[in-house]
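K.L.:
structure of the sequence below:
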Amino acid sequence: VTATSFSLMKPLLFALLLLLPALIPAAAEAKLQVMVVPHSHDDVGWLLTIDQYFDSFVKNIYDSVVASLTANPARRFISVEMAYFSKWWQQASAEQRQQTTTLVQQRRLEFVVGGWTMEDEACTTYHANVNQMTEGHNFIIQTFGEQFAPRYGWQIDPFGASSDVHAQFAAMGFEGTVLDRIDRTLKAELSAAQALQFVWQPSASFGSNLSIFTHVMDKYMYTSHPLLEFDNKFAIPVDDLTVGAYAESVVQSVQARKAWYRGNVILFPWGSDFQFFKAGTMFDNMDKLMAHLNQNSDKHNMTFQYATVSEFFDALHAENITYPIRGSDDFFPYDDQKESYWTGYYTSRNGLKGFVRSRENVLNTAEQLHTATLPLQNSTVSKEHRQRLTVLRRANAEATHHDAVSGTSRPEVVLMYDQHEQNGTDTVAQVLTESMAAMLAPNGSRPVLSLDSKNLQTLPPNTKLPLVVYNPLAWPVRRFVRIPCALGDVRVREGSAEAKFDLLPNLAYGKPSHCSFKGTCGDYQEKYNLFLHVELPPLGSKVYQIERSSTPAHPQFVVDSGLAIENSVLRFTFSNDTGLLSEILQKDSGRVLPVTQSYQEYHTLDHLLVRGESGGAYIFLPQPDKTYVHSSTLTAPQRVVGKYVQEMYQEFSRPCVSNFDLTSSCGIAQTTRLFSSSSSNGGGGGLHGGTGLRWWAPAAGRVGPVAPQ
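P.N.:
Residues are numbered from 1 along each chain as shown. All right, here's what the predicted structure looks like:
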């Protein structure tokens, strides 16, 4: 080709190059891979008790799910709360157990999270979470094998997400987790940035050395489209006439989700609260719908399949997409609508919260003593002790549920948690007493011990009662312990010497604030408080002798109306007008700290008619212009001054206004104590004491603590 001819061809070649993109077929856009995850969110108590939920829904869920999965190998299901699954397993027939084992081995029935509950993430403690996860995972491993222990989290309903909880998950070896309830504004921002999936580094201490891949559900949350709840009696079945409309609705939902995530693997949660109690009906309809969708996959550019959470994450990671990294920030507080911050549950039902924490302490102590004395017990006793410990472990595990310790259940359900915890406490009492007896007398005749302080009510004159005090902490303690007592003529000895103690009248005895959480004062006459000073080594114990004399002892205390209590470090002064704390004197420096103390009450802002929500157990939503100082009548304050302990007791009462009851008395009782400064762990300069508050409202039938003493 000559230069002249080439120059003549250049315009033609240029035109052909411009036409090439139009002549070459465009690469087809990759189809969306929609992973339909069937699930049922089963609250371990909320509007109904555990047994009521199980009998009404959960038993049918597992009965029908196992049968449905057995009938069709394409179907999947995930199980979360072992409190329910283990209960079902105990009642399942031999055939159901065999079918379930096969489904687990085929990984078509998958355990996700696998704790005893789906734990709350704001009000639980580290140890409680470890306990409930251990209890659930132990059941899975002992029943099916370690290879079927959960790999992923599924925290879809707790009200916010804690970095601490998910640091625990990562440390446990979880490969990923699924969240849902986070701040609505943040969720919208993450959706717009296609950042609902990220690598979370939840521990500020470990940083990049501890991470967990996290998927946050979109604005549709964990519930499936309401049209897909086929076990609802009002649901329209999928047939030739309805399948097109159903398919179009699902396709639109998937297309919306695609805009919020980076890859082509889409999680489509299918289920809701206590869904699948008619699993056969659910799957039969969904089978037809998914078959229609897959027959038209080219039209919609998407395929559908049933999947477990593991299958979803495996497919997601196979795309090899780079995801953003998120630091250790948590996802609190949660809000779902404007001004609806879910912070009320941080303090709701604080009586239950305090009781649950104290039961965790009881369990910790019982497990310590059981473990320490294992070599001293025979196999029969050890086995019985393990069974007894399990009762309290599972009661504590139930209480971690996000509608339990959060205080968001109905009153009768709260009472159930309370009863289960008390039953667990009563059950492990034998573990505590027999283990301590073995520790005290490893080779000889073991003493018979009891946790019942009512023994002090019936102690005859001229008799002694051994008292064993144990320190479950890993450091030494030096403090006073309080023992309720019905007798005013007892003394305490440590060896041959008199112990450091005060026996003081219980100033709250017989008053409304003295009754128990259930609203009854009971039979035990707690007329006195025995304050005993103890010094104990780490994980150590000491035996004291309580003696009752045949002649009345001279009182070692004074009860009067004084307005100050003190020790060698501090002096607390109370107002003569209000009875409230007004001044604190630091004696070594002479510094005076003025104090203003008041009790306030607020009225909730009711948006129920406007947007379906109001302040309450979940949401802290006070009316800003209706927060009042608690105006009440001060009962004459009482002061008791002992040798080592000084105490101020006051009651503030007013007519009740709840339930239109203006005749009964409601109020607050305040107890402030100071102990001898040399008794505290901090040494001579430390403060050992505090203020305890209790409220009472007879119209509501409840008495409980405002704050721990």
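
K.L.:
what about this protein, any weak spots by pLDDT?
P.N.:
1-28, 512-524, 551-555, 606-614, 626-633, 655-665, 677-709 (pLDDT under 70).

K.L.:
can you tell me the centre-most residue of it?
P.N.:
With distances taken as CA atoms, centre = their mean, the residue of the chain nearest its centroid is residue 400 (3.2 Å).

K.L.:
that residue touches residue 130, doesn't it?
P.N.:
No. Applying CB atoms under 8 Å as the test, residue 400 and residue 130 come out as separate, 10.1 Å apart. For every residue, glycine as well, the C-beta is placed using N, CA and C.

K.L.:
distance check, the residue nearest to the centre of the chain against residue 410.
P.N.:
Using CB to CB, to the nearest Å, residue 400 is found at 18 Å from residue 410.

K.L.:
over to residue 586?
P.N.:
According to CB to CB, residue 586 and residue 410 sit 48 Å apart.

K.L.:
again, but for residue 34
P.N.:
Taking CB to CB as the criterion, residue 34 is separated from residue 410 by 37 Å.

K.L.:
so for these two, which sits in the more crowded spot?
P.N.:
Remark: of residue 34 and residue 410, residue 34 carries more neighbours, 26 against 15, as counted by other CB atoms under 10 Å.

K.L.:
you'd agree that one is in a strand?
P.N.:
Yes. Going by DSSP: H, G, I helix; E, B strand; the rest coil, the assignment for residue 34 places it inside a strand.

K.L.:
and it, what does it touch?
P.N.:
Shown here is residue 34, whose contacts under the criterion CB atoms under 8 Å, 6 or more residues apart in numbering are 254, 266, 268, 302, 303, 304, 305.

K.L.:
ok, and the most crowded of the residues you listed?
P.N.:
Per-residue neighbour counts (other CB under 10 Å) across the contacts of residue 34 peak at residue 304, which has 25 neighbours.

K.L.:
that one against residue 290, yeah?
P.N.:
Yes. In this structure, residue 304 is within contact of residue 290 by CB under 8 Å, at 4.6 Å.

K.L.:
need the max-distance pair from the contacts of residue 34.
P.N.:
Maximum pairwise distance among these (CB to CB): 12.8 Å, between 254 and 305.

K.L.:
looking at the contacts of residue 34, which one is closest to residue 98?
P.N.:
Distances from residue 98 to the contacts of residue 34, taken by CB to CB, are shortest for residue 305, at 26.2 Å.

K.L.:
what sits against that closest one?
P.N.:
Contact criterion CB under 8 Å, 6+ apart gives 33, 34, 35, 36, 74, 290 as the residues in contact with residue 305.

K.L.:
buried subset of the residues you listed?
P.N.:
With neighbours counted by 16 or more other CB atoms under 10 Å, the contacts of residue 305 contain buried members at 33, 34, 35, 36, 290.

K.L.:
roughly how far does the second one sit from residue 271?
P.N.:
From residue 34 over to residue 271 the distance is 15 Å, taken as CB to CB.

K.L.:
likewise the fourth one?
P.N.:
Using CB to CB, residue 36 is found at 10 Å from residue 271.

K.L.:
and of the contacts of residue 34, the nearest to residue 431?
P.N.:
Comparing these against residue 431 with CB to CB picks out residue 268 as the nearest, at 47.6 Å.

K.L.:
and the closest one, what element?
P.N.:
Here residue 268 sits within strand 265-273, counting by DSSP states H and E.

K.L.:
packing partners for that strand?
P.N.:
In terms of contacts (3 or more CB pairs under 8 Å, 6 or more residues apart in numbering; DSSP states H and E), strand 265-273 is packed against strand 32-41, helix 243-258, helix 309-318.

K.L.:
how about a cut-off of 6 Å?
P.N.:
Helices and strands in packing contact with strand 265-273 are listed as strand 32-41, helix 309-318; criterion 3 or more CB pairs under 6 Å, 6 or more residues apart in numbering; DSSP states H and E.

K.L.:
which parts of it are buried?
P.N.:
Judged by neighbour count using 16+ other CB under 10 Å, the buried positions of strand 265-273 are 265, 266, 267, 268, 269, 270, 271, 272.

K.L.:
now those in a markdown table, with distance to residue 209?
P.N.:
A markdown table is the format used below for the buried residues of strand 265-273 (distance: CB to CB, whole Å):
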| residue | distance to residue 209 |
| --- | --- |
| 265 | 28 |
| 266 | 31 |
| 267 | 28 |
| 268 | 34 |
| 269 | 31 |
| 270 | 36 |
| 271 | 35 |
| 272 | 37 |
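
K.L.:
understood, closing this out.
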